[in-house]
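In: Predicted model and sequence below, questions to follow.
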Amino acid sequence: MWDQLKALHAKSQDRKITDLFADEARSEAFSVETDGLYLDYSKTNIDAQAYAALIELAQSTGVEKRREAMFAGEKINETEDRAVLHTALRNLDGGPVLVDGEDVMPGVLDTLEKMADFANAVRDGSFAGAGGKITDVVNIGIGGSDLGPAMAVPALAPFADGPRAHFISNVDGADLADKLAVLDPKTTLVLVASKTFTTMETMMNAKSAFDWMAKEVSEPATQFAAISTAMEETAAFGIPAERVFGFQDWVGGRYSMWGPIGLSLMIAVGPDDFKDFLRGGQAMDRHFVEAPLADNMAVALALVGIWHHQISGYGTRAVLPYEQRLLRLPAYLQQLEMESNGKSVSLEGKELSQTVGPIVWGEPGTNGQHAFYQLIHQGKQVVPCEFLVGAQGHEPELDHHHKALLSNCLAQSEALLLGRDYETAKSMMAAKGFEGDALEANAMQRVFSGNRPSTTLMYKTLTPFVLGQIISLYEHRVFVEGAILGINSYDQWGVELGKELAVKLAPAVEDDGSTEGLHVATAALVKKAKALKG
């Protein structure tokens, strides 16, 4: 199938995407809609023959069988011998979910209820803290214990009527100092998010936050809660079991915001809106399971990604939300996609013959238009763009702003598609009075090659339900791409080596530490750092 797809690409790579719109039904044929979420992928150079071949690729690589295995609780994370069941965390209206023959749903729902009880207590003042009312919540975590809620809280700001949420992740003390500087310890609740309660950055920040709290609160641990399964460690920290919220090893870190890792979000927006977020994810799960591959939104998004990266050779994809409140979505998807599918070895432990995960990056529009869109439009490399936009905003009195935002989003995708040819640019410059060599030079500066692919994900308004749909959609996109490429999307061994070496290096960077045993290049940098410190 790969050879067939490469041949189809070779035949069509010089074709204009606009030529495909000779078929008046193209926009309808190359789009998917489910529960009010609409994906348009017509502005790509994928035609009916190529899409059919991509669907055949998905079938031949066992996407459907692997999807069934995931939802059945089979241990598709082979290298860690674990099931992959973050979908169970949002299975509010579904049936039993079995792992090793045991239904995990009673435990999932009990934990959700425990989270809701605690969130309500914080929100209504029953859990008062030393200051009589919790006004701020600080989530301390990193990676999957930070990026999800740190993305979702600003995304759902119109629904946030609880304590303000803040996020500390970086071991750089500046992150901790700047966030805590504006808070009152007496009215602050600290959530420590670490499954093992041993994550270096998280525990260093947690201990420093404890010391900060202790300056104003006589029993600082009373204003801490933990998201962890390490009950002995949390007890040693002083956090009682009723304020410890755990999740199972079949929930990977970057897939964990649907459960206790989302506690800061639940406190901010309330349990009801948090459940709407879960229901959005659940709705996308049902679509992913039930829709035929050819009409499946996650499959379509994945196949577009395969076509652009593996077949067309485009090295990156830009995620461009025209939704300021989704400003952290590109960073969230960087982890979701690059940690999941940034692999070079197959499930069988064999070296892969092609690159797998593209580089994912982006910024909200319209800011990006005044930054990197120059390269997207006129750079030599092609960057497939993924636009996201709502049909309306949350501020009716600022509807003219949202209309400007929407028109900019649609204009950018059209500009990528159409471009501007030399003759048009030459006529423009001639009308401005340019002649001869100056006319040619100035016209060339204004040529846009066009024919650059994009997709658009559209929805009515960004709500908890819609956010759940979007995140679940991208999770399943990662799954489909990983299944097609024959990799394990649910381990992340690539993050381990650096952590191991950091432990080894820690004594060396102490003021009186020795560099003996370090690589000569690293030893030189350690010495330079000490010299600069003075």
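Out: Thanks, I have the structure now. Quick caveat: nothing in here was measured; it's all calculated off a predicted structure.

In: Okay, buried residues for stretch 70-89 please.
Out: Buried residues in stretch 70-89, counted by 16 or more other CB atoms under 10 Å: 70-71, 73-77, 80, 82-89. For every residue, glycine as well, the C-beta is placed using N, CA and C.

In: now what about the helix or strand harbouring Gln374, what contacts it?
Out: Per DSSP states H and E: Gln374 is located in helix 373-378. With CB atoms under 8 Å, 6 or more residues apart in numbering as the test, helix 373-378 has contacts from Ala318, Gln381, Val383, Cys385, Gln412, Ala415, Leu416, Val447, Phe448, Ser449, Arg452.

In: A helix includes the fifth one, no?
Out: Yes. Remark: Gln412 belongs to a helix, assigned using DSSP: H, G, I helix; E, B strand; the rest coil.

In: from memory it sits against Gln369, does it?
Out: Yes. Between Gln412 and Gln369 a contact is recorded at 6.8 Å, counting by CB atoms under 8 Å.

In: Now for this protein, the helix or strand with the poorest mean pLDDT.
Out: helix 496-505 (a mean of 89; mean pLDDT, DSSP states H and E).

In: quick one: the very next helix or strand once past that one to helix 496-505, angle?
Out: Moving toward the C-terminus from helix 496-505, the next helix or strand (DSSP H and E) is helix 520-533. Per axes from the mean of the first three to the mean of the last three CA atoms, to 10 degrees, the angle that helix 520-533 makes with helix 496-505 is 60 degrees.

In: and helix 520-533, what does it pack onto?
Out: With contacts defined as 3 or more CB pairs under 8 Å, 6 or more residues apart in numbering; DSSP states H and E, helix 520-533 has no helix or strand neighbours.

In: Which one of the contacts of helix 373-378 is nearest to Ala214?
Out: Ala318 (45.2 Å; CB to CB).

In: where does that closest one land in three-state SS?
Out: Relying on three-state DSSP, one would call Ala318 strand.

In: Please list all residues in contact with it.
Out: Ala318 sits in contact with Trp361, Gly362, Phe372, Ile376, Val383, Pro384, Cys385, Glu386, where contact means CB under 8 Å, 6+ apart.

In: rewinding a little: neighbour count for Gln412 and Gln369, which is higher?
Out: Gln412 (23 against 18; other CB atoms under 10 Å).

In: ok, Val526 to Phe247 distance?
Out: 38 Å (CB to CB, to the nearest Å).

In: Return the distance of stretch 51-60 from the chain's centre.
Out: Stretch 51-60 sits 26 Å away from the centroid of its parent chain (CA atoms, centre = their mean, to the nearest Å).

In: what's next to that stretch, contact-wise?
Out: By CB under 8 Å, 6+ apart, stretch 51-60 touches 1-2, 4-5, 8, 30, 46, 64, 293-294, 299, 302-303, 306-307, 480, 483-484.

In: Show me which of the residues you listed are buried.
Out: In those, burial by neighbour count holds for 5, 8, 30, 46, 293, 299, 302-303, 306-307, 480, 483-484, counting by 16+ other CB under 10 Å.

In: now, the most widely separated pair of these?
Out: Phe30 and Ala483 (22.2 Å).

In: Can you get me a residue count around Tyr422?
Out: Tyr422: 12 neighbours (other CB under 10 Å).

In: Pull the contacting residues for it.
Out: So Tyr422 contacts Ala443, Met444, Val447 (CB under 8 Å, 6+ apart).

In: Which one of these is nearest to Lys403?
Out: Using CB to CB, the contacts of Tyr422 come closest to Lys403 at Val447, 29.7 Å.

In: so how far is Gly494 from the closest one?
Out: 41 Å.

In: Inside strands: which ones of the contacts of Tyr422?
Out: Judged by DSSP state E, strands contain none of the contacts of Tyr422.

In: which stretches of this structure form strands?
Out: 31-34, 37-40, 98-99, 102-103, 136-140, 164-168, 188-193, 224-227, 244-245, 316-322, 359-361, 385-390, 454-459.

In: Include mean pLDDT and distance to Val217 when you put these into CSV, please.
Out: Formatted as CSV, the strands of the chain follow (pLDDT from 0 to 100; distance: least, CB to CB, whole Å):
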stretch, mean pLDDT, distance to Val217
strand 31-34, 98, 48
strand 37-40, 98, 45
strand 98-99, 95, 40
strand 102-103, 96, 41
strand 136-140, 98, 13
strand 164-168, 98, 17
strand 188-193, 98, 9
strand 224-227, 98, 10
strand 244-245, 98, 19
strand 316-322, 98, 39
strand 359-361, 98, 41
strand 385-390, 98, 42
strand 454-459, 98, 43
